[in-house]
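>>> Task: produce atomic coordinates for the following.
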Amino acid sequence: MRLTSATFEDGATTPQSMVYRGFGLEGGNRSPQLEWSDVPEGTKSFAVVLHDPDAPTSGGFYHWAMFDIPGDVRHLAEGAGTRGAPGPAILGHNDFGEKGYSGMCPPPGDAPHHYTFTVHALDVPSLGLDENATGALVEFASGAHTLAKASLSGTFGRPT
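Predicted coordinates for the structure are as follows:
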C-alpha cells in the first residue's frame, strides 16, 4: 500500500495550513489531502490516524483519528479532518480532547517533532467504535484487522 499527499512531501516540514491554532500557534488547523493506492484485495474499510511519537508523554500524542472509511474510498480532501468524513466514516477524538483533526503543536524545543499519518486497510466494514474513540483505541482495534498499512511523515518544530 502507498500513501501520498498533495499538501506536503514525506519527510518535509509541514505547511502552516496543517499547524494547530492555539497554544501560541496561528496555524490553519486543516488536515492535509491524503491519497492511498495499491490497496489489498479484501479491504472493507480504512482507518486514518495522526500520531506524534516525539511528544513528551509515555505514548506520544494522537492528533487525529478517522475510521470506518468505506473500502472504495481512496483519498481524503484537504480539510476532511474537521469538515466531516466520507459516508459513514467517523471522526474520533484526539488527545486535545477535541473531535476531529488538531494540527501540529509541539512544545518549544530545539528539535522538530515527527508527525506520522497512517492509513490502515481493514478486513471489516466497521471497527465497532463510536465518535468517542481516540487514536490509540483506533490503532488498537485496527491491529487484528489490518491487511496493510502505509505511512507518511512530516516535521514541525518551534524554537525555544
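>>> downstream neighbour of the helix or strand bottoming out on mean pLDDT in the chain in the secondary structure list?
Within the chain, confidence by mean pLDDT, DSSP states H and E is lowest for helix 80-83 among all helices and strands, at a mean of 86. Later in the chain than helix 80-83, the nearest helix or strand by DSSP states H and E is strand 90-91.
>>> elements contacting that following strand?
Applying 3 or more CB pairs under 8 Å, 6 or more residues apart in numbering; DSSP states H and E, one finds that strand 90-91 contacts strand 61-70. Glycine gets a C-beta too; all of them are placed from N, C-alpha and C.
>>> so how far is the strand it packs on off the chain centroid?
Computed by CA atoms, centre = their mean, to the nearest Å, the chain-centroid distance of strand 61-70 equals 6 Å.
>>> The longest helix anywhere in the chain versus strand 61-70: what angle between them?
For the chain, the helix that runs over the most residues, judged by DSSP state H, is helix 135-143. Angle of helix 135-143 versus strand 61-70, following axes from the mean of the first three to the mean of the last three CA atoms, to 10 degrees, is 40 degrees.
>>> can you list contacts of helix 135-143?
47, 49-51, 59, 62-65, 67, 92, 94-95, 118, 120, 122, 127-129, 133 (CB atoms under 8 Å, 6 or more residues apart in numbering).
>>> So which of those residues belong to strands?
Secondary structure from DSSP state E places 47, 49-51, 62-65, 67, 118, 120, 122 of the contacts of helix 135-143 in strands.
>>> Now for those residues: which two are most distant?
H63 and L122 (20.6 Å; CB to CB).
>>> so what's P107 closest to, chain neighbours aside?
In this structure, P107 finds its nearest non-sequential neighbour in P56, 6.6 Å apart by CB to CB, 6 or more residues apart in numbering.
>>> Run a quick check on the one you found versus P106, I expect a contact.
No. In this structure, P56 is not within contact of P106 by CB atoms under 8 Å, at 9.0 Å.
>>> The two: which is more packed in?
Taking other CB atoms under 10 Å, P56 and P106 do not tie; P106 has more neighbours (23 against 11).
>>> For that one, which non-adjacent residue is spatially closest?
Using CB to CB, 6+ apart, the closest residue to P106 is H113 (4.1 Å).
>>> coming back round to it: how much space separates the residue nearest to P107 from G109?
9 Å (CB to CB, to the nearest Å).
>>> Give me the residue ranges of this structure where confidence is low.
84-85 (pLDDT under 70).
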